[in-house]
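>>> Sharing a sequence plus its predicted fold:
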Amino acid sequence: MTRPRVLVSVAGVMAFLTIPTPAQSTPGQPASTPPEMTATYNSLADGILALRRSESNLVKAILASTYGNAEATLEKARARIESKKDARAAMEKLAAFVAQLGNEGDATVAGIRKRLLEGGHHHNSAAEQQGVYDEGFVVVTRVARKAFLDLAGRIGKLALAPDLAALNAEWQSVVKQYDAVKSEAGH
């Protein structure tokens with residue numbers, strides 16, 4: 001029962017605020033929204049757009065951090081392969097980081113993205129409808145996501161029989177894909 005009253009009250013206030021006063025309307029001209037209200041709405045729009053840019057910047061930072069972790073893990077895997085030590089754990093960890101690049105983060109980030117989607121927030125809603133982005137993704141396109149996930153799978157399979165030349169070739173593909181994502185995102 002409380003909710004309908006609140007909605008009626010808000011609707012009533014909004015209706016009252018949009019009623020033209022003599023200062024707002026001139027005979028023969030349509031009534032206009034008071035400048036104070038449009039200024040407030042404009043400020044709100046600035047804030048919403050700034051939050052959108054912040055979300056994009058945060059996802060870019062998540063990707064950069066993940067890429068840095070992948071590079072460090074790659075060096076550990078290379079060192080283990082070169083010294084003929086077991087490199088499986090490092091290779092599997094590297095594969096996980098490459099998958100995180102494709103997923104714009106780990107499972108905790110995916111949970112946040114899910115929450116935003118449930119709240120109706122779609123960073124790239126029009127591009128989602130066109131099939132460019134998977135639902136809720138901010139920077140990584142559907143094509144780039146698939147490429148990263150495929151690379152992660154191939155690197156993961158290399159963990160069974162680590163091979164430095166094969167690892168280096170796969171990593172070059174990761175670098176190329178990451179550079180393309182950064183370029184597309186204006187990073």
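In hand now; what should we look at?

>>> From the chain's centroid, how far away is the helix or strand harbouring A99?
If you go by DSSP states H and E, A99 is part of helix 88-102. Put simply, helix 88-102 sits 20 Å off its chain's centre (C-alpha atoms, centre = their mean, to the nearest Å).

>>> what helices or strands is it leaning on?
Using 3 or more C-beta pairs under 8 Å, 6 or more residues apart in numbering; DSSP states H and E as the contact criterion, the elements in contact with helix 88-102 are helix 35-82, helix 142-158, helix 164-184. Using the backbone N, CA and C atoms, a C-beta is placed for each residue, glycine as well.

>>> which of those is buried the deepest?
The highest mean neighbour count among those, using mean count of other C-beta atoms under 10 Å, belongs to helix 142-158: a mean of 19.

>>> pull the CA atoms of it into PDB?
Coordinates of each C-alpha in helix 142-158 appear next as PDB, following Å, rounded to 0.1, in the frame of the first residue of the first chain:
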ATOM      1  CA  ARG A 142      32.500 -11.400 -28.500                       C
ATOM      2  CA  VAL A 143      35.100 -12.200 -31.100                       C
ATOM      3  CA  ALA A 144      38.000 -11.200 -28.800                       C
ATOM      4  CA  ARG A 145      36.500 -13.200 -25.900                       C
ATOM      5  CA  LYS A 146      36.300 -16.300 -28.100                       C
ATOM      6  CA  ALA A 147      39.900 -15.800 -29.200                       C
ATOM      7  CA  PHE A 148      41.100 -15.500 -25.600                       C
ATOM      8  CA  LEU A 149      39.200 -18.500 -24.400                       C
ATOM      9  CA  ASP A 150      40.500 -20.600 -27.400                       C
ATOM     10  CA  LEU A 151      44.000 -19.500 -26.600                       C
ATOM     11  CA  ALA A 152      43.500 -20.400 -22.900                       C
ATOM     12  CA  GLY A 153      42.400 -23.800 -23.900                       C
ATOM     13  CA  ARG A 154      45.400 -24.400 -26.100                       C
ATOM     14  CA  ILE A 155      47.800 -23.200 -23.400                       C
ATOM     15  CA  GLY A 156      46.000 -25.400 -20.900                       C
ATOM     16  CA  LYS A 157      46.500 -28.400 -23.200                       C
ATOM     17  CA  LEU A 158      50.200 -27.500 -23.500                       C
END
